[in-house]
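Undergrad: no sequence on hand, only this structure:
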């Protein structure tokens, strides 16, 4: 039970204020135009689109500085699309009608408190259950927002709590920025040591990929029966930016694994996603995933007397990915790569000792990334604990 009184959200804010009452404020001025894509996952509005109001006066929603935007359409609502409107040109904005607009009664509630409340997973799930409309175009109705109950501490308490949450989010964002900078550092080191792999400005020997392979094989095209625990089964969605990610990882039992022996993976092999929207994405198998399984992909085993797998993986994730690999995946039906295309990729081949030196640097950077990821996990756990304490 909440430690504070519960109020209908519709009693402490105005939801979807009438456009007519804002026309005088908007007429003849430039406004910020905010599309769904302008709002990121952290609730920031990335606005660079300034337009005359006369160009966007029809067919859009109107809002002002400090209004809360809440996406009402699937899947934007489920993905947490929402923001506090800030940094608007002339303090006014026009945007997608797929946003509900919530204007706080400043004598009772802050915009920050509304935004944090609406970002709660349980509120998102409740909103999803109350969606109306056809299966493909369900929306959160205004009536749901009007009637949902929000805990309402005094204004000074609201401000103190949201300030704590904002500071915690800033720490998380800082760690995420640090993680991105470490990824950029790996690429910068690659270019410094090996130059541009497309123009080969350092004049390295070049070879076809098949010349440095011991084996290349297809994974399965048949999905296994997944289990709650067991061996990890790496799918295309678990491969991002040249690394394996744990998000939505699936598992198979040892017995099930016997049916997919060819999909078993080992340290220093490389996976290339062969079909779907992720076709062409790659990763190297680290010791953590050795002995587990991968499906639906190409699995490459390298001759490590000729080439370092980490070097090849990082090479593929430079501009080589966008200019060479991704274009090969384009098909009329769906993106796809085949074995022959992969084997005939031409790559630079610097001296092996230089490749190994690069891998040592990557290993040290990855160790730093592991520490940063741990800090992110701990900070996110703190943030979620605070949200639960204050709003549940």
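TA: Noted; the coordinates are in hand. Fair warning: this is a prediction, and the values are worked out from it, not measured in the lab.
Undergrad: is it true that residue 155 touches residue 111?
TA: No - in this structure, residue 155 is not within contact of residue 111 by C-beta atoms under 8 Å, at 11.8 Å. Every residue, glycine included, has its C-beta placed from N, CA and C.
Undergrad: what about the two, which has more around it?
TA: residue 111 (20 against 14; other C-beta atoms under 10 Å).
Undergrad: tell me the contacts of the more buried one?
TA: 66-68, 84, 102, 104 (C-beta atoms under 8 Å, 6 or more residues apart in numbering).
Undergrad: does residue 10 really touch residue 149, like I thought?
TA: No - applying C-beta under 8 Å, one finds residue 10 not in contact with residue 149, separated by 10.4 Å.
Undergrad: between those two, which one's more packed in?
TA: Remark: of residue 10 and residue 149, residue 10 carries more neighbours, 17 against 13, as counted by other C-beta under 10 Å.
Undergrad: residue boundaries of the strands in the stretch 151-300 of the chain?
TA: Along the stretch 151-300 of the chain, the stretches classed as strands by DSSP state E, counting those that start in this stretch are 205-208, 213-218, 231-234, 239-240, 243-244, 250-252, 270-273, 282-284, 293-294, 297-302.
Undergrad: same list, the ones you listed, but as JSON lines with mean pLDDT please.
TA: Shown next, in JSON lines, are the strands of the stretch 151-300 of the chain (pLDDT from 0 to 100):
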{"stretch": "strand 205-208", "mean pLDDT": "97"}
{"stretch": "strand 213-218", "mean pLDDT": "94"}
{"stretch": "strand 231-234", "mean pLDDT": "96"}
{"stretch": "strand 239-240", "mean pLDDT": "94"}
{"stretch": "strand 243-244", "mean pLDDT": "95"}
{"stretch": "strand 250-252", "mean pLDDT": "95"}
{"stretch": "strand 270-273", "mean pLDDT": "96"}
{"stretch": "strand 282-284", "mean pLDDT": "96"}
{"stretch": "strand 293-294", "mean pLDDT": "94"}
{"stretch": "strand 297-302", "mean pLDDT": "95"}
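Undergrad: hmm, back to that, which one of the contacts of residue 111 is nearest residue 59?
TA: Using C-beta to C-beta, residue 67 is the member of those that sits closest to residue 59, with 18.6 Å.
Undergrad: show me the shaky parts of this protein.
TA: Residue ranges of the chain with pLDDT under 70: 1-2, 47-48, 74-80, 135, 332-333.
Undergrad: which parts of it are helices?
TA: All helices of the chain, identified by DSSP state H, fall at 23-26, 111-118, 121-129, 142-147, 155-194, 254-257, 309-316, 319-320, 326-328, 339-343, 352-391.
Undergrad: save the ones you listed as a markdown table, and put in distance to residue 226 too.
TA: Output for these, formatted as a markdown table (distance: least, C-beta to C-beta, whole Å):
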| stretch | distance to residue 226 |
| --- | --- |
| helix 23-26 | 53 |
| helix 111-118 | 33 |
| helix 121-129 | 23 |
| helix 142-147 | 34 |
| helix 155-194 | 29 |
| helix 254-257 | 8 |
| helix 309-316 | 27 |
| helix 319-320 | 34 |
| helix 326-328 | 29 |
| helix 339-343 | 27 |
| helix 352-391 | 24 |
